[in-house]
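>>> Okay, here's the prediction I keep looking at, along with the sequence it came from:
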There are 2 protein chains.
Amino acid sequence: MSKKKAIVLIIMDGLGDRPSSKFNGKTPMESAYMPNMNKMARNSISGLMHPFREGVVCGSDTSHLSILGYDPEKYYTGRGPFEALGLGMKVEPGDIAFRANYATREGKTITDRRAGRIEKSTSQLSRGISFKVDDVEIQVASGVEHRAALLMKGSGLSDKVKDTDPHEAGKPYNDPDFVHEEGRKTSYILKNYMERARIILDSHPFNEELKKNGKLQANELLLRGAGMAPRLENFGKKYGMKAGYIIGIPMIKGLAEMIGMERINVEGMTGSVNTNYRGKIKAIADGIEKYEFILVNIKATDVAAHDRDPVLKREVMERIDEAMEPLSALKDRALLVFTGDHSTSSVSGEHTGDPVPIMFYTDGINKRESESFNEKSCGKTGFSLRGQNVMDYALQISERLEKYGA
Amino acid sequence: MSKKKAIVLIIMDGLGDRPSSKFNGKTPMESAYMPNMNKMARNSISGLMHPFREGVVCGSDTSHLSILGYDPEKYYTGRGPFEALGLGMKVEPGDIAFRANYATREGKTITDRRAGRIEKSTSQLSRGISFKVDDVEIQVASGVEHRAALLMKGSGLSDKVKDTDPHEAGKPYNDPDFVHEEGRKTSYILKNYMERARIILDSHPFNEELKKNGKLQANELLLRGAGMAPRLENFGKKYGMKAGYIIGIPMIKGLAEMIGMERINVEGMTGSVNTNYRGKIKAIADGIEKYEFILVNIKATDVAAHDRDPVLKREVMERIDEAMEPLSALKDRALLVFTGDHSTSSVSGEHTGDPVPIMFYTDGINKRESESFNEKSCGKTGFSLRGQNVMDYALQISERLEKYGA
């Protein structure tokens, strides 16, 4: 049999949107000039995709799990583990992870949940408050600005503890009380840890420096979103494909690492709206020679929508489309799947449960032509599927899926 | 209330297909001249059907289970039991069945997995190696050419044993080792059985005859696809309808028997491309006087696609369509459901996970008109459903489905 096609899954984060008054009631995708993707939509199996179940408002974590074929109801155990992975921490099944913020504390009150969005890297601070309590190893890693993650490794741990983050400035931090008996040990260890960490933070040279410059102290680490790292099957093994990823944002990168995908390097990839689109697209074209599956995440669409900037989102779409021009030439060697992980409304700035446009582009298929690649047009083809069926659908189109039965 | 309409479910095996270069990028269905089915598609609820879940590449066994309303994840226990049923064996829940091949063995090496595709019926051989080992009754039945099935009846049996089939010529046969502790007895019995069976095969007059004619010996029975026969609810009881079937191919016939459908005789029905289509159609028209449900399977479409012959598949479609002409007159007495069990690409010769055209044809419905009965046109109506919902949909159209709730 001839060589099977590679599969490239391009996820434009927060792709779907709602009508904007800025565009006479059109969405950013509808009003964007996207000759390349629109042309592909006319030669694809185009339709709409419900990331999880119809109507569920997915986060990027749950939707990526779902789309990659890992049932979020089974594997989604809170954002902590994904955040920790994204910061380059080695997360293993059974570890407990939290999302964390460096914050400013006065007495017991949190006066700024982000410590003034610290500009300087806090990794020095994070190293300072990474230590062992009893038999539990606690690691802190820094993200951008005030962001961080805390990871606990040890026996008998549980994610059944409260956030210490009050989720609002002007309130005191909470104690990490357990919410279920099985969280008793974890709660005890964390309380101990936080007491010692506060002492270290109060006198840390990093904070002395901030004080000297008249800036807010980063003297509290607020924890939220506790989760026990799930045991996820290796992606390459699950689907029998050598898999690589091109992803800028930490959380999804972390997920890709956790399921054993290999990193494909691209210069100038940032996860922001100024990311190097052309570099990504070039890396895809090169990558299909080496990998049978490539996962691509383009975050900029979501960033623009969260900033309630439909005009920027449209601009981002146009820049992405321009960069995608060379991809259409790959149709004889690859199946390109274009979609989003969820919809984000640039009107409200929030994720929605609207289905997301999707197209399976390659040659030799029964097309479900959409006039263009957007919410309305893709809805007209009548083709729709759930996130958890996307991998099967891609595998079967490229004749990589084994028969169920005989 | 007036007499409810009978339901006729006509499954054209491997119906859906992919674009062929022989037809300028059209599929066999798209390019076939099918005035009768196309006319019905314009007067039906037409759409596409995903035999199991979107993208899953079904075999005929899993898809028929699904379409008839038996969840394959619950009831599909390997192909063995279906194959055995199809060869006329009496398969009861708890029996263990294998697909089997007569093969040629030299020493321990399998030199031909099909013993040269024996032309003469092997039923004499199969009778010769049907005997009891301890308390387990072992039966072998012959299919066409080298094909056979082996059935084990007894207590404490399990399907947790390895194939003896090496799945490749030039390799030795395997021992039927158990893959799980519960397969210990079955493995022991089978090893004993195979030792005795080999002795019988080696000196059997059937093989003496083959030897004399310079042909390959059928001196090994290779086993594969062990499965424990599932307990399937009687179809007639499940749906409250007296059900009959018109099916040529063994496996699906076996399934129909297992769920208690009655055989409707048709002369000249072969399961091949030369089957008696008119006879089948006539039997349907007569059958709805006696049965409330009729399952029809037409295998020829799949045969042509497996042979990578889109032109033959188109011809088969045209012959089927011609024979179907009288069916449209039944619309006041019957609901006719036309679909396939899965798609088979006549480009690759393999099953695919593409959805299959479906139409529910009767009078008094809210039509979802499709211009013609094919993949593309049926996709445009926007109506789609999964195999497991086909029975409910047919029942509710014909007002046979009981209310869920009050």
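On my side now, so go ahead. Numbers count the residues shown, from 1 in each chain, chains lettered A, B, ... in the order given.
>>> partners of the host helix or strand of A:Arg224 in the sheet?
Per DSSP states H and E, A:Arg224 falls inside strand A:220-228. Paired neighbours of strand A:220-228 in the sheet (DSSP bridges): strand A:96-106 (antiparallel).
>>> So which bits of the stretch 301-406 of chain A are right by chain B?
A:364-368, A:380-386, A:389-397, A:399, A:401-406 (C-beta under 8 Å from any C-beta of the partner chain). Just so you know, the C-beta spots here come from the backbone N, C-alpha and C atoms, and that holds for glycine as well.
>>> Could you pick out which of those residues are located in helices?
Among these, the ones falling in helices (DSSP state H) are A:Asn389, A:Val390, A:Met391, A:Asp392, A:Tyr393, A:Ala394, A:Leu395, A:Gln396, A:Ile397.
>>> pretty sure A:Gly86 contacts A:Ile249?
Yes: A:Gly86 is within contact range of A:Ile249, at 7.0 Å (criterion: C-beta atoms under 8 Å).
>>> More neighbours: which of these two?
A:Gly86 (25 against 20; other C-beta atoms under 10 Å in any protein chain shown).
>>> mind checking how far that one is from chain B?
29 Å (C-beta to the nearest C-beta, to the nearest Å).
>>> Please pick the buried ones from the residues of the stretch 301-406 of chain A next to chain B.
Burial by neighbour count, 16 or more other C-beta atoms under 10 Å in any protein chain shown: within those this picks out A:364-368, A:380-386, A:389-397, A:399, A:401, A:403-406.
>>> In terms of residue numbering, what are the domains of chain A?
A:6-75+A:232-397, A:82-228 (automatic domain parsing).
>>> Could you tell me how far the longest one lies from the centre of the chain?
Going back to what we said before, that points to domain A:6-75+A:232-397. 12 Å (C-alpha atoms, centre = their mean, to the nearest Å).
>>> how far does it stretch from start to finish?
11 Å (C-alpha to C-alpha, to the nearest Å).
>>> Average pLDDT for that domain, rounded please.
For domain A:6-75+A:232-397, the mean pLDDT works out to 95.
>>> now stretch A:154-167
Rounded mean pLDDT across stretch A:154-167 is 96.
>>> Can you list the neighbours in contact with it?
Contacts made with stretch A:154-167 from outside it, assessed by C-beta atoms under 8 Å, 6 or more residues apart in numbering or on different chains, are listed as A:77-78, A:80, A:94-96, A:101, A:103, A:110, A:113, A:134-137, A:172-183, A:185-187, A:189-190, A:194, A:222-228.
>>> buried set for it?
A:Gly154, A:Leu157, A:Ser158, A:Asp159, A:Lys160, A:Val161, A:Lys162, A:Asp163, A:Thr164, A:Asp165, A:Pro166.
>>> Tabulate the residues you listed in TSV, adding columns for secondary structure.
Output for the buried residues of stretch A:154-167, formatted as TSV (DSSP: H, G, I helix; E, B strand; the rest coil):
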residue	secondary structure
A:Gly154	coil
A:Leu157	coil
A:Ser158	coil
A:Asp159	coil
A:Lys160	coil
A:Val161	strand
A:Lys162	coil
A:Asp163	coil
A:Thr164	coil
A:Asp165	coil
A:Pro166	coil
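>>> Now which of the contacts of stretch A:154-167 would you call buried?
A:77-78, A:80, A:95-96, A:101, A:103, A:110, A:113, A:136, A:173-174, A:176, A:178, A:183, A:185-187, A:189-190, A:194, A:222-228.
>>> how about the very next helix or strand once past the strand holding A:Arg224: buried residues?
Counting by DSSP H and E, the next helix or strand C-terminal to strand A:220-228 is helix A:235-239. For helix A:235-239, burial by neighbour count (16+ other C-beta under 10 Å) applies to A:Phe235, A:Gly236, A:Lys238, A:Tyr239.
>>> List the contacts of the residue sitting furthest away from the middle of chain A.
Note on chain A: the largest C-alpha distance from the chain mean falls to A:Ala406, namely 38.1 Å (C-alpha atoms, centre = their mean). By C-beta under 8 Å, 6+ apart, the residues touching A:Ala406 are B:Gly59, B:Ser60, B:Asp61, B:Arg79, B:Phe82, B:Gly225, B:Met251.
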